[in-house]
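Peer 1: The sequence and its predicted three-dimensional model are supplied below.
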Amino acid sequence: MRLSVVIPVHNGGESFRRCLNALAGSTRAADEVIIVNDASTDKSVSVAVNAGYRIINADNGPRGPSFARNLGANEATGDMLIFLDADVAVHDDTLGRIETYFEKHPEVTALFGSYDDNPPHRSTISLYKNLQHHYVHQTGKRETFTFWTGCGAVKRGVFTAIGGFDETRGGPVMKMEDVEFGMRMSEAGHIIMLLPDVQVTHFKKWTAKSWIRTEIINRAIPWSKLLLSSGKMPDDLNMGVKARLSALAAWFLFFFLGSGFFVPLLWIGAGFSIAVICLLNRDFYHLLWREGGNFFVAASVCLHIFYFLYSSAIFGFIAIRHLLSGKNNPN
């Protein structure tokens, strides 16, 4: 089995250097590595040249990750396409685990893995976001409906037949094109697996500004539109029953906190709402406590409640627009 690794990069910086260094140290070496330079203005190209990997330039860029990944995939010659983000580092056994799984399960079309639980950036927001993603993928259903390009693999023939990534979703930033691609694969009858032990280290440093911009503009809004246009609400990953109940409890908390200024007795309801959220998410919060201690878990619970509020509010707003428009497309 030939493995072709495709990595799009736009000003990858030091994270990209570490990404390529980790790939070079993989126990199972890639048969082909294609770096798609999407109009980088830093030293990303020279880093890739020094690593000895093939470089393809996206013309008139930046064209976005969808275009870059499709461009790299079209040039690949391997049986299996492995997509990696430029800010992750594979573990030494990541590629080997991917190959072994496909060899043992030829009926599977695609798979993806997870961030590990040891991100190098340890600020509250960075650690919380990386561990949240890690936990969601560690606890998700093994057979799934979606795809993830942080570390995902797909049979090249199927990728081509499905039509690759929707480039209209990419733009200069990612807008759920990997999820949409996975949904198309799933609808076509292909099997997609989530493998928690296929892991990469994520180097992204989150700030409050980047978190809000990424989570709302690049994820919550397009994710809500995608779900509504598909007419499906999967009970998996960050949309499971616990997440939905947590969102409901978060709104009760919001109501009780505000109403408590007028009727102090209602603050008891706020305490009860927090208790419900903590009970529903106790395993995740235990992971946060284990990795960051008491102060970190307290701050993360606040961030998590904020996440439930804004994600459900955005979904509700777009759902109402969708219903009022009477159209299949919520855009």
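Peer 2: Thanks, I have it.

Peer 1: Please enumerate the helices of the stretch 101-250 of the chain.
Peer 2: 124-139, 156-162, 177-187, 208-212, 221-230, 241-259 (DSSP state H, counting those that start in this stretch).

Peer 1: Would you format the ones you listed as a markdown table with mean neighbour count included?
Peer 2: C-betas here are computed from N, CA, C, even on glycine. Formatted as a markdown table, the helices of the stretch 101-250 of the chain follow (neighbours: other C-beta atoms under 10 Å):
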| stretch | mean neighbour count |
| --- | --- |
| helix 124-139 | 21 |
| helix 156-162 | 16 |
| helix 177-187 | 22 |
| helix 208-212 | 13 |
| helix 221-230 | 19 |
| helix 241-259 | 17 |
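
Peer 1: and of those helices, who's closest to residue 266?
Peer 2: Of all these, it is helix 241-259 that lies closest to residue 266, at 4.6 Å by C-beta to C-beta.

Peer 1: Report the inter-axis angle for the closest one versus helix 124-139.
Peer 2: 140 degrees (axes from the mean of the first three to the mean of the last three C-alpha atoms, to 10 degrees).

Peer 1: still on that earlier bit, which one, of the helices of the stretch 101-250 of the chain, ends up nearest to residue 276?
Peer 2: Short answer: helix 241-259, nearest of the helices of the stretch 101-250 of the chain by C-beta to C-beta, at 4.4 Å.

Peer 1: Quick one: mean pLDDT for the closest one?
Peer 2: When pLDDT is averaged along helix 241-259, the result is 97.

Peer 1: now do stretch 177-185
Peer 2: For stretch 177-185, the mean confidence score works out to 93.

Peer 1: picking that back up, closest one to residue 69 among the helices of the stretch 101-250 of the chain?
Peer 2: Nearest to residue 69, of the helices of the stretch 101-250 of the chain and by C-beta to C-beta, is helix 177-187 at 8.4 Å.

Peer 1: With distance to residue 285 added, can I get the helices of the stretch 101-250 of the chain in TSV?
Peer 2: Below are those laid out as TSV (distance: least, C-beta to C-beta, whole Å):
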stretch	distance to residue 285
helix 124-139	10
helix 156-162	38
helix 177-187	26
helix 208-212	19
helix 221-230	24
helix 241-259	11
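
Peer 1: so which of the ones you listed comes closest to residue 2?
Peer 2: helix 156-162 (9.1 Å).

Peer 1: what's the closest one in contact with?
Peer 2: Residues from elsewhere that reach helix 156-162, judged by C-beta atoms under 8 Å, 6 or more residues apart in numbering: 4, 73, 76, 78-81, 109-110, 181, 184-185, 188, 190.

Peer 1: and if we set it to 6 Å?
Peer 2: Identification of contacts with helix 156-162 by C-beta atoms under 6 Å, 6 or more residues apart in numbering yields 73, 81, 109, 184-185.

Peer 1: Check stretch 186-201 too.
Peer 2: By C-beta under 6 Å, 6+ apart, stretch 186-201 touches 88-91, 94, 97-98, 107-111, 113-114, 116, 138, 140, 142-145, 151, 182, 185.

Peer 1: Same check on stretch 205-218?
Peer 2: 121, 125-126, 129, 173, 175.

Peer 1: So what would you say the end-to-end distance of it is?
Peer 2: Start-to-end span of stretch 205-218 (C-alpha to C-alpha, to the nearest Å) is 17 Å.

Peer 1: Just give the closest residue to the residue most central in space within the chain, not the sequence neighbours.
Peer 2: For the chain, the residue sitting closest to the mean C-alpha position, by C-alpha atoms, centre = their mean, is residue 148 at 5.9 Å. With C-beta to C-beta, 6 or more residues apart in numbering as the criterion, residue 148 has its nearest non-adjacent residue at 4.0 Å, and that residue is residue 112.
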